[in-house]
Every structure is written in structure tokens, then in C-alpha cells.
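Visitor: need coordinates for the following:
(2 chains)
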Amino acid sequence: MIVHLSVLQVIIPLMAAPACLLLRKRELVWAFATLATFVTFAVSVLLLSQVMQSGAISYDMGGWEAPWGIEYRIDMLNAPLLVLISGISAIALLAARTSIENEIPENRHSFFYIAWLLCMAGLLGITATGDAFNVFVFLEISSLATYTLIALGKDRRALWASFQYLVAGTIGATFILIGIGLMYVMTGTLNMADLAQRLPEVENTKTVFTAFAFFIVGVCMKLALFPLHLWLPNAYAFAPSIVTTFLAATATKVAVYVMIRFIFDVFGFEFSFTHFPLQEILMTLGIAGIFVASIVAINQDNLKRMLAYSSVAQIGYLILGISFASQTGIMATLLHMLNHGLMKGALFLAMAAVVYRMGVANLSQMHGIASRMPLTMAAFLIGGLSLIGVPLTVGFVSKWYLVSAALENGWWPVAAAILLGSLLSVIYIWRVIEVAYFKSVSNNTPDVKEAPASILIPMWILVLANLYFGMDTSLTVSVTQMAAADLFGGLL
Amino acid sequence: MSFLAPELMLQLTMLVPVLAIAGIVLTGRHENVREAVSIIASVIVLALVIGLYNDFTAGVPVAVSWFEIMPGLSLAFRLEATGMIFALVAGLLWLVTIFYAIGYMRSHHEQNQTRFYACFALAIASVFGVAFASNLFTLFIFYEVLTLSTYPLVTHAGTEEAKKGGRTYLGILLGTSIAFFLFAILGTYFVAGTLEFTPGGVFPAGTSTAVGGALLVLFVFGVGKAAIMPFHRWLPAAMVAPTPVSALLHAVAVVKAGAFTLLKVGTFIFGLDFLAMLPTKDALLYLAGASVIIASLIAMRQDNLKKRLAYSTVSQLSYITAGMLLATESGITGGAMHIAMHAFGKITLFFCAGAILVTLHKTDVSQMRGIGWQMPVTMAAFMIGTLSIIGLPPTGGAWSKWFELSAALDTDQLFFMGVLMLSSLLNIAYLMPIPVLAFFPPPDGVPRPPFHEAPLPSLLALTFTALMCIALFFFPQPLFDLAASITQ
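Guide: The predicted structure is shown next:
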């Protein structure tokens, strides 16, 4: 049983999805999907603890040994991400039953859970696999499921947003496929570890350069790196709120993970950073993303869209961490991946609660809303402080390491830029706080009650996680530190 | 000798106000009970601070560590002389201000009084956090809590003007603290590897003075609460708050948290020896001197009394900043003493301004001619406060100015000596006419207005602080001992 854990956590949601079709009753489907997700979560936690104890786990699918068969490889880099994906999914599903009542027609609820499980299986698959082509397969599974989930949004513009994402996502996936294809042509293998061994022999060929370029650009499309982010704000704004919660907390992180895996493991640090001006490109785009997206976020009335732009900005921080090309930089990125998952999860769940009661999350209708929905807005406040990077929240921890990495490289202006980025987030978060807490209730404010417990409880679980991991960083810091050390193990 | 362990007392100074918040919110409907909660809490806190003072003077080392967030970053507290001075001032004046506020808030019929007292208690809790912090990280956290908890107090009136003031307040204080202060903290950690307040400073020998100089600039601008120009605008903007807030927070707690932070940074992060070598020190000193003079000149042009007092505070805060930048022991001593001396003087002036507002409904200096006959006690107190701000005997302000002057002499900073002299003259020019004109007879033919004093709790409060100004002139020894022990 234990040896099969690494594959089980992909198989469970993948198999649970069609099983949902048999259950029919939507309450049952919800219960089953949630149960399956929690089991997956438990498996991920077990995997993480095992990796921490005894190092990487390699699993040969169907008994076919790598590099011929498909290898699943769980190490310090992807194990924490698996926990994040399944954990956020489990917590979000707790709230999903209530949240989708008003946002998705009842007859589609079963499909919703099926698409959700498939999406989760896809994301977990991308993360767990050690096979380059398998990455593409799971990428498609998760993407197709995501298009469906987004299109379920109540607003008709959700269809358009989904289509927009479909076009962008397909281009990205095609680029990735071309990249993988070229790698296969040059090396005759698809196994990542094997690729890493064979690529250096042929690394000075145009084909490998092209493969690298296609692959990285494709991934950047998926992770919505500025200026390839255009699909993201609409997708997040018009998707059902609970879907946004799940996607914002996990999907882009998975793409960042793929990027790190290929830059550092498959192509190798040396290759990636010497043949390409990768450092300069990533740093420029990262900083530009932080500033442009944050400034755009300041002017949004729809809070889901505002948080979506904030996500684009946060991706800028993640990419900036990679651009440092140092152990601390990667560690900061990994840490921020987990931490940002926690904060965006909490913030979007708060928005899900607002949308559940008010139908929309427009700031212009939220005057004095904190007196009507105190717990929801308190959650938003704490999540927002975490996003800004106030001490004692997870946001501070990631900013701290990010700035430390910048200083380590001697990039003082970049460190200053990171802090200025925080200032911009102060502005867009404080706008909301001012309206919600310090404006008196106006006629424009709908007469609403506090959100139901079924949304509040998952929301506050995430809020408390934001605080807990902001104060006790021993787990997150040590895990990401080990992962970063592993990535640089053979190099420095 | 006290009944409780000093470690416990230190933590209770923060926990008691926080617990009081719960009490204040729960009893919000019953005004008298709610105010009783505030008073009891502030009495307990004062007793705790005095207990701590006894232990401190007895030489008991007091240190508490809560938890470590990351290696080298912990929430920890330690009793130290600068913090002791700040805590004594804040503890004593909180109690006084609560009394004053009861009289003021009721006769002014303010709304949302429960939120007012709750935020007030939170602000005080964070002041003790700042005062007792044993490292920059802990100090930074409470510094930010102080900013956030005072925002609802600034915008208390809820008017557009209040909100605009609140935005300036928050924008400058949060903005400078994140863009410069946090940056300076990170830089310090990167260079020195620790944020612990250490006698003699944390920077290893041979640290480049260019880096140190850059960090000093970041610290001086980043600690926006010390209100050095051009980051002073938040303080006049905060004057839209109810007067007890302006009095305790914007003449004592918040601004002194800034000045206190700079003193700590100068003494325990840079260390006086390293500080004296930094190339940017002189430029910053000139800037502080310019702040002193320019703010005084602006104060002269303000007709609104609270605004005038606010600019006066901006000017006086730069005395403390400059005291640190002189990088000598007497500069630090003078700066630390000025924290206390200015606190008692300025809070008296604010109490008087508020008393005039609630009794006579006057806010502008030009309306205050002859009011001394109506409010003799208030205006006499105003006179004493004025003397203390100017730095004349028989008030405590004379001592701190004395030490600042001697520090300027020690370091041959003739420029700064000139600033101190000129500033005293300017203080006379913009403050003295107010109490003097108040006792001028009314113009011919107008009958002398009847006696009409402030509400009794407020009157008691301002009398007490005025008497303290005088007491500090005759008995400065305990304060001096504390201030002089900072650099030892």
C-alpha cells in the first residue's frame, strides 16, 4: 500500500470523477467528492512526511521501469505542492456545496464536482510525474476541466472568459508539446531524470535551444506571466467563486513548479542561465508584472477581478525569485508558492461568501458591509494583511526571504522594488477596508446577513493557517530550504 | 519590591489593555461601567509599570521571549532604560488621559465611544510593545499595530475631512514604514545578521560606512512617526481626531514611539561610535535642524490652535532626532529626557485646547483673547505648558534643552546650537501670546465674561500634567538617572 501512495493520490480523484456519475443525487456527489479529496489530502500528507524522512520516492507505473515506463517521482520539491493542491481543494470543497447553490444551476452540480475532481487529478498528476510527456497529458486534463469549470459561471461572460482561456491555454500547451517533442527528437527519452542526463551531450544544438524556448514560453502562458496574463483576470472574475478560489490558490503554482523543474532539473541550471538571458528576462517581466498588475488592481470595482490582478502581481514575485538564480531565491519562490496559495485561498473564499449573499462582489455596493458580515470581512482583512506582507502572517515570511535573496545578489534596487510593490498592495487592500469598515451603510448596500457557517468555517481554517504558518515557519521554511538545496545540490 | 515576577508584569502591561478591550466592548452599553473598565485597566497598568521601574532600578534583568518566527527573528522583550522612560510616561499619561477623555467625550457628545476606548486601549498595548521590544523586528510589529489601531481614532468624526486626514495619516506612516523602515531592517539583518538591540551596536567592525550611512537615511525617513520633514504631513492631518487622541497619541504615544525608535536605533543598532563615522549623519542633522525651524515658522501661521500645536510637535520631535544624530552620550540623554519633558508639556497644551473647545467652542487662536478670565485654571496650565515647551525654568523642558545644548557644544555643532536658540525664540513667538493675551482685559465697553471652566475630570487632568511639568524641574534626578544609564 505504502509503495503505491505516489500514484494513489492521482488515481483516487481520477477514478472518483466517473464514479460521481453513478451517484446522481447532488448531495451524495458532493459528499463523495469531498471524501475522495480528503483521502487524497491524507495521502499527500503521508507522502510529504515520508519524503522528509527518507528522501525521494520513485514509483514505476505498471511495473515498467524508467526510462521506458512512466515514472512517478515525489521529492522535496513537489511533495509540499501536492499537499497544498489537495489541501486547498479539500477545504474549498467543504464550502463548495453552499457556494454553488446560487451560482450554478442545480442540474449541473454533479458535472461541477466531476470537473473539479478531474482538474485536481490533472494538477496532482503534473506535479507528481517524472515524465515529460505525462506532464503534457495531465496539463490537458486539468486545462480541459478548468475550461468547463470556468464556463459554469453564472454570468454569460463566463463563456467568453472560458473561451479566451481555452485559446491561450491551447497555444501554451502546444508550445509545451513542441518543446517536449524536440527534446525527444534529440535524446530519445521522455523521462525527466534521463533527459537531464542526456541533454548535456547535445546541449549546444539549435534544436535544444528551440526546445527550451518553446517550453518556457508555453509554461509562461499557463502561469500567466505578465504580459501573457490576459486570460487570467476574466477567467477568475467570471468563474464561479469557489472555482476561482481553487484555481487561484493552486493552478498557477503548478505551472511555476513545472518551470522550476525544467529550468533547474531537466535542462540544468548551467544550461538555462548561461545560454539564455533568462535572468534579465525573468527579472524584467517579474518586476513589470508586479507594478503593472498592482496598479491595474487599484482601479477595479469588482473585487474578484481586483484579486485576479493581484494574482498576476504575485506571480511576478514568484518569477522574480527564480530570476535570482540562487538557492535563497528559489527557496523564496517555493515558500511564496505555498504562502500565496494560503492567502489567495482565504481571500477568494471571503469573496465567495460575499457573492453568496450579495450576488456580486462590487466594491461600490459594499459600503459598511463589515457591520453586516463581520466574520467574512475580518477574514478578508487578515488575508489582505497577509498579501501585503505584514509580520506574523505568511506574506511577511515570503517577502522576507525574497528581499533577502535580492540583497544576497546585491540587487538593492530590486529589493526596493519588492517593497514598493507591497505599498501598491496596501493601496488596493486598504480601499476595500475603508469602504467595508469606515463607510456607513448606504442605500446601495444590500440588506444581507453573515455568510453561512459552511463557508465561514473553511474560510477561517485558511485564515488561521495564514497566521499559524506566519508565526511558526519551521515546517514551511525547512521543507523549501531542503528543496532548494536539492535543486542546487549538484551545482554549488 | 513587588508581588509579581517582573517578567509577568512586563507581559501584563500589554495584555491588560488587550483584556480591557474585551471588557470595554462587552460593557459598551453602560457608559459608566465601560469607563470604569478603562480606568481600572489604566490603574493596573500604571502600577505594573511602576513595579517594573522598581525592579529595574534594583538592577533585576528582565527579559521575555515569546517565540521565534524564523531563525534570528523572534518576538522578544527586554527591559531597558530608554524603554522604561517611554513606558513610565505612557503609563502615567494614559490614566490621566482617560480621566480627561471622560469629561471631553461626554460634554462633546461624541459618537462611537466604545470603539474609541477600545482602539485607545489597543494603541496603548502596542506602545508598551514598542517600549519593551528587545529587537527591531518586535519593535516593527508593534510600530505597525500602533499605526493601524490609531487610524479609527483619527477618522473618528467620520466626516469627509476626517477620512481625508486618515488617508494621509495611514498613507505616510504605512508607506514610509514599508518602503524605508522595513527595507532598513532587512538591510541591517543582511549586513549584521541580527536585529537584537545590543549596547554598542550590531554592525561588525569594518562595515562600510557607505552602507551604514545609507541605512541611517532609510531609518530616519522610515520611522515616519518621528515626523522629520518632508514626511511630517500626517501629524497635522491627524489633528481632525478628538482632542484626547491628539493629546495622548499625537503628542505622546505615537510620535514618541517614532523618536524612541530612532534613539534605540542610534544607540543599539548603530552604536554611537559607528554612528559618528557615518557620512550621511551631518546632512540628516541639518535636515532635522531645518525641520525644527521650518515647522516653527509654519506653526506661527496657523490660526487653528491644534494645528499650531501639531507643527510645534513636528519641530520638537526633530530635537530628539537631532539628539540621536549628534551621536554623543549627552545627545542621547537629552533626547531621552526630551521624550518625557515634551510629553508632559505638550499634553498639557492639548488638554487645554480641548478644554477650550468643549467649554467655549473655540478652536482658533484669534478668538482666544481674554478667555483667561473665564477659564483661569486652564489658561494658567497653558502658560506652564508653554514655558516647558520653550524650555524655561521652572519647568522640566529646561533640562532636556540644556543637555541638547551641551551635546551640540561637545560636538562643535554650532549650526545646531544656533537652531536651538532660534527655535526657542520662535517658540516664544508662537506660543506665548496665547496665554498672555488670554489674560488681557476685554476691549472697553464689553463686560467681563463670567467664570466658566472645563468639565471637572478634564480640569483635574490638565492641572495634574501642568504640575508635573513643574515637578520635573525640581526633581529631575530619577529621570536623569534613567536617561544617563542608556549609554552605559
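
Visitor: going forward, measure contacts between C-alpha atoms and count neighbours the same way
Guide: OK.

Visitor: in what helix or strand does residue 147 lie?
Guide: Went with chain A since none was named. Take DSSP states H and E as the rule and A:Tyr147 turns out to sit in helix A:132-151.

Visitor: oops, I was thinking of chain B
Guide: Assigned by DSSP H and E, B:Thr147 falls in helix B:136-154.

Visitor: can you tell me what sits against that helix?
Guide: Helix B:136-154 is contacted by residues A:391, B:73-77, B:116, B:119-120, B:122-123, B:126-127, B:129-131, B:133, B:162, B:165-166, B:169-170, B:173-174, B:177, B:182, B:185, B:195-197, B:238-242, B:245, B:249, B:254, B:257, B:261 when judged by C-alpha atoms under 8 Å, 6 or more residues apart in numbering or on different chains.

Visitor: in contact with the residue of the stretch 301-450 of chain A found nearest chain B, which residues are there?
Guide: Residue of the stretch 301-450 of chain A nearest chain B, by C-alpha to the nearest C-alpha: A:Leu419 (5.5 Å). Taking C-alpha under 8 Å, 6+ apart as the contact definition, A:Leu419 lies against B:178-179, B:183.

Visitor: A:Leu195 now?
Guide: A:183, A:187, A:189, A:266-267.

Visitor: and for A:Phe238?
Guide: Applying C-alpha under 8 Å, 6+ apart, we find A:Phe238 in contact with A:150, A:153-155, A:157-158, A:161.

Visitor: how about a cut-off of 6 Å?
Guide: A:153, A:158 (C-alpha atoms under 6 Å, 6 or more residues apart in numbering or on different chains).

Visitor: B:Pro17 touches B:Ala121, doesn't it?
Guide: Yes - here B:Pro17 reaches B:Ala121: they are 5.1 Å apart, a contact under C-alpha atoms under 6 Å.

Visitor: picking that back up, tell me which two of the contacts of A:Leu195 sit farthest apart.
Guide: Across the contacts of A:Leu195, no pair lies farther apart than A:Thr189 and A:Phe267, at 13.5 Å, counting by C-alpha to C-alpha.

Visitor: strands of chain B, start to end?
Guide: Using DSSP state E, the strands of chain B run over B:63-70, B:73-78.

Visitor: out of the ones you listed, deepest packed?
Guide: strand B:73-78 (a mean of 21; mean count of other C-alpha atoms under 10 Å in any protein chain shown).

Visitor: could you pull out the buried residues of the helix or strand just after the helix holding A:Tyr147?
Guide: Using DSSP H and E, the helix or strand that follows helix A:132-151 towards the C-terminus is helix A:157-187. Neighbour-count burial for helix A:157-187 flags A:157-166, A:168-184, A:186-187 (criterion: 16 or more other C-alpha atoms under 10 Å in any protein chain shown).

Visitor: kindly report the same for stretch A:222-240.
Guide: For stretch A:222-240, by 16+ other C-alpha under 10 Å, it's A:222-226, A:228-240.

Visitor: how about the contacts made by the residue of chain B found nearest chain A?
Guide: Chain A sits closest to B:Ile69 of chain B, with a gap of 5.1 Å, by C-alpha to the nearest C-alpha. Contact analysis of B:Ile69 by C-alpha under 6 Å, 6+ apart lists A:471-473.

Visitor: up against chain B, what does chain A have?
Guide: By the rule C-alpha under 6 Å from any C-alpha of the partner chain, the part of chain A lying against chain B is A:419-420, A:471-473.

Visitor: tell me which two in these are the farthest apart.
Guide: Greatest spacing in those, by C-alpha to C-alpha: A:Leu420 and A:Asp472 (26.2 Å).

Visitor: looking at the contacts of A:Leu419, which has the most residues close by?
Guide: When neighbours are counted by other C-alpha atoms under 10 Å in any protein chain shown, B:Ile178 leads the contacts of A:Leu419 with 27 neighbours.

Visitor: let's verify the nearest residue to A:Gln300 once chain neighbours are set aside: helix, strand, or coil?
Guide: Spatial nearest neighbour of A:Gln300, excluding adjacent residues (C-alpha to C-alpha, 6 or more residues apart in numbering or on different chains): A:Met306 at 5.3 Å. Classification of A:Met306 using DSSP: H, G, I helix; E, B strand; the rest coil returns helix.

Visitor: where do the helices sit along the stretch 251-400 of chain B?
Guide: B:254-264, B:272-277, B:281-300, B:305-325, B:329-360, B:376-390, B:397-410 (DSSP state H, counting those that start in this stretch).

Visitor: for these, which one sits closest to B:Ala58?
Guide: Judged by C-alpha to C-alpha, the one of the helices of the stretch 251-400 of chain B that comes nearest to B:Ala58 is helix B:329-360, at 20.5 Å.

Visitor: quick one on the thing from earlier: just the buried subset of the residues of chain A next to chain B, please.
Guide: Neighbour-count burial (16+ other C-alpha under 10 Å) applied to these gives A:419-420, A:471-473.

Visitor: redo those as TSV? Include distance to A:Ser99.
Guide: Below are those laid out as TSV (distance: C-alpha to C-alpha, whole Å):
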residue	distance to A:Ser99
A:Leu419	35
A:Leu420	35
A:Met471	30
A:Asp472	31
A:Thr473	32
